[in-house]
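1. Mind folding the following:
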Amino acid sequence: MDVVNMNASYDADFVAKVQEESEQNLSLCYQCGNCTAGCPLNFVYDIPVSQIMRLAQAGQKEKILRSHSMWLCATCESCTTRCPNDIDVARVMDVLRHMARREGYVSEKAVKTFWDSFLDSVRKHGRVFEMGLVVNYVLKTGRVWTDMDLAPKLMPKGKLSLTPHPIKGTEEMEKIFKRFEEQGGCI
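-> Here you go, the predicted model:
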């Protein structure tokens with residue numbers, strides 16, 4: 001199934017932006033399919049990785065930014081490792097996810113909420129405070145019983161401490177976040 005709509009308009013600015021932000025030459029992709037064949041999460045994607053790459057080449061911004069695939073990508077880099085042209089496909093997927101986030105396209109709200117909770121935790125504590133992350137995520141999503149069976153296994157290992165582990169330099173961490181936001185980054 002070819003997902004590229006040949007009647008859709010080519011967005012040259014989008015292609016240029018993806019290439020600039022990812023530092024990858026999209027035209028090097030010749031659709032061999034190795035990225036899709038090696039992707040362990042392809043079974044949950046609405047658009048396979050190779051087709052995401054083709055859509056990016058074709059400048060079909062709307063179709064890509066509305067897809068679920070980039071939000072479900074684990075950034076395991078199997079696609080990147082398998083690419084015969086050394087395209088960092090995982091980086092392209094990451095850039096597309098950031099673009100979608102900046103432009104308000106969020107097709108997987110639970111993934112975005114987890115990401116937001118993770119970043120909030122790092123920003124506040126300088127590292128991830130797992131219990132705070134879980135509480136923040138549960139409060140935002142209402143998914144109270146999700147993975148509750150893991151708590152008894154994690155608590156004895158110190159993975160779910162009831163208080164954050166203190167670190168030095170939390171002020172510097174806040175400066176990093178502010179600098180990123182000032183440069184137009186979307187957290």
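2. how about stretch 73-81: buried residues?
-> 73, 78-80 (16 or more other C-beta atoms under 10 Å). Where you see a C-beta, it was placed from the backbone N, CA and C, and this is true even at glycine.
3. now these in a markdown table, with pLDDT?
-> Formatted as a markdown table, the buried residues of stretch 73-81 follow (pLDDT from 0 to 100):
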| residue | pLDDT |
| --- | --- |
| 73 | 88 |
| 78 | 92 |
| 79 | 92 |
| 80 | 94 |
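4. Against residue 150, how distant is the residue of the chain positioned farthest from its centre?
-> The C-alpha centroid of the chain is most remote from residue 156, which lies 30.6 Å away (C-alpha atoms, centre = their mean). Distance, residue 156 to residue 150, using C-beta to C-beta, to the nearest Å: 12 Å.
5. didn't residue 59 look like it was pressed against residue 16?
-> No - taking C-beta atoms under 8 Å as the definition, residue 59 is not a contact partner of residue 16, at 9.2 Å.
6. Comparing those two, which residue is more hemmed in?
-> Shown here are residue 59 and residue 16; by other C-beta atoms under 10 Å, residue 59 has more neighbours (20 against 12).
7. Tell me the secondary structure at the more buried one.
-> coil (DSSP: H, G, I helix; E, B strand; the rest coil).
8. any idea how far it is from residue 45?
-> Residue 59 is 20 Å from residue 45, by C-beta to C-beta.
9. again with residue 169
-> 39 Å.
10. out of the two, which sits in the more crowded spot?
-> residue 45 (19 against 10).
11. quick one: contacts for the closest residue to that one other than its chain neighbours?
-> Nearest non-adjacent residue to residue 45, counting by C-beta to C-beta, 6 or more residues apart in numbering: residue 69, 4.0 Å away. For residue 69, the contacting residues are 45-49, 52, 93, by C-beta atoms under 8 Å, 6 or more residues apart in numbering.
12. if you set the cut-off to 10 Å instead, what comes out?
-> 39, 41-42, 44-49, 51-52, 93, 96-97, 107-108 (C-beta atoms under 10 Å, 6 or more residues apart in numbering).
13. Which segments of this protein make up each domain?
-> 12-102, 109-182 (automatic domain parsing).
14. Report all helices and strands that the lowest-mean-pLDDT helix or strand in the chain contacts.
-> Here the helix or strand of the chain ranked lowest by mean pLDDT, DSSP states H and E is helix 151-154, holding a mean of 72. Judged by 3 or more C-beta pairs under 10 Å, 6 or more residues apart in numbering; DSSP states H and E, the packing partners of helix 151-154 are helix 130-141.
15. Where does pLDDT dip in the protein?
-> 1-8, 145-148, 151, 158-160, 184-187 (pLDDT under 70).
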